[in-house]
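Q: have a look at this fold, sequence not included:
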């Protein structure tokens, strides 16, 4: 009797071991297939023909269908992005020549021997044509950044030379308004896309000049362990605390500056560029006392 019980126990143990081994092999096969599917999905090489669904577990089958539908969605997104890229390129190309001609002929009219009233009309046409060019250029830049058509290429760059170039670009505009534009920057470097960082900081400097009636605009650069901090400070009208949270939104313009030129894209673009490089922007301001935008650029 004891021998029968022992034999039954041994048989049960053997069956249990075999069951465990078989189940483990099935689990390993399932996990291997899932891992293979995920690897191929990550590489963008996933295809339904790579797998035989009849040999898959329900989990594999569900994951298979999910990755298949995700692959189709990714292809649709890529196709849509290509269409947007083509549209933006067409807009940029098709509007460049007409706007350039409007500006050219407006300038020629302004220089021609015509009555003063007509000169005023020519100047108005020129001003509006310049605004139109500015608007389209910034809309194209914004669309390219948002759709990943234009990518940032950060590399180690000297910040002081970037800021010197910006000052040279905007000094005439500041002097025309009677403002002092000054720069204080030691030689230091950060990991940035030089062209687009200049675009971002330039937009902030342009805003500072635009919304400052008297006084100065000051640019300073400070070196920290992980960041280079660039402060753009003005003595302008300032920004209320309530509006400070809104100024980086697309097309946002305060009611206090409706009479000033602009469309509300500059600060939005600046933030998109700086955050795309791994940096960030913060603002501090008091109404009637001026504003300081602080741009933090990564050093690593």
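A: Good, I have the coordinates. In this text, all values refer to a predicted model and were calculated from it rather than measured experimentally.
Q: can you list the domain ranges for the chain.
A: Domains of the chain are assigned by automatic domain parsing as 1-151, 155-298.
Q: for the ones you listed, which has the smallest mean pLDDT value?
A: Mean pLDDT per stretch puts domain 1-151 lowest among the domains of the chain, at a mean of 67.
Q: would you mind listing the buried residues in stretch 95-108?
A: Judged by neighbour count using 16 or more other C-beta atoms under 10 Å, the buried positions of stretch 95-108 are 99, 102-103, 106. Any C-beta I mention is one placed from the backbone N, CA and C, and that applies to glycine too.
Q: could you look up the SS state of residue 182?
A: Look at residue 182: counting by DSSP: H, G, I helix; E, B strand; the rest coil, its state is strand.
Q: next, count neighbours for it.
A: 14 (other C-beta atoms under 10 Å).
Q: that one touches residue 208, doesn't it?
A: No - in this structure residue 182 lies outside contact range of residue 208 using C-beta atoms under 8 Å: 11.9 Å.
Q: helix/strand/coil for residue 151?
A: At residue 151 the chain is in coil, as set by three-state DSSP.
Q: now do it: how many residues are near it, please.
A: A count of nearby residues for residue 151, using other C-beta under 10 Å, gives 10.
Q: next up, phi/psi of residue 294, please.
A: Dihedral pair for residue 294: phi -110, psi 120, per degrees, to the nearest 10.
Q: do the one 3 residues further on as well
A: Backbone torsions for residue 297, taken as degrees, to the nearest 10, come to phi -110, psi 130.
Q: let the chain start at 44 from now.
A: All set: I'll call the first residue 44, so the last point we hit is now residue 340.
Q: give the buried residues for the helix or strand harbouring residue 186.
A: Secondary structure assignment for residue 186, by DSSP states H and E: helix 159-189. By neighbour count with 16+ other C-beta under 10 Å, helix 159-189 contains the buried residues 165, 168-169, 172, 176-177, 181, 183-188.
Q: would you point out the most distant pair within those?
A: Farthest-apart pair in the buried residues of helix 159-189 is 165 and 188; separation 35.1 Å (C-beta to C-beta).
Q: hey, what's in contact with both of residue 225 and residue 251?
A: Residues touching both residue 225 and residue 251 (C-beta atoms under 8 Å, 6 or more residues apart in numbering): residue 260.
Q: redo the buried residues of stretch 138-151 as CSV? Include distance to residue 72.
A: Below are these laid out as CSV (distance: C-beta to C-beta, whole Å):
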residue, distance to residue 72
142, 64
145, 69
146, 69
149, 74
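Q: among those, which are in helices?
A: Among the buried residues of stretch 138-151, the members found in helices (DSSP state H) are 142, 145-146, 149.
Q: how about the closest residue to residue 213 other than its chain neighbours, what does it touch?
A: Spatial nearest neighbour of residue 213, chain neighbours left out: residue 248 (5.3 Å); criterion: C-beta to C-beta, 6 or more residues apart in numbering. By C-beta under 8 Å, 6+ apart, residue 248 lies in contact with 209, 213, 224, 260, 262, 275.
Q: and with 7 Å instead?
A: Contacts for residue 248 (C-beta atoms under 7 Å, 6 or more residues apart in numbering) come out as 209, 213, 260, 262, 275.
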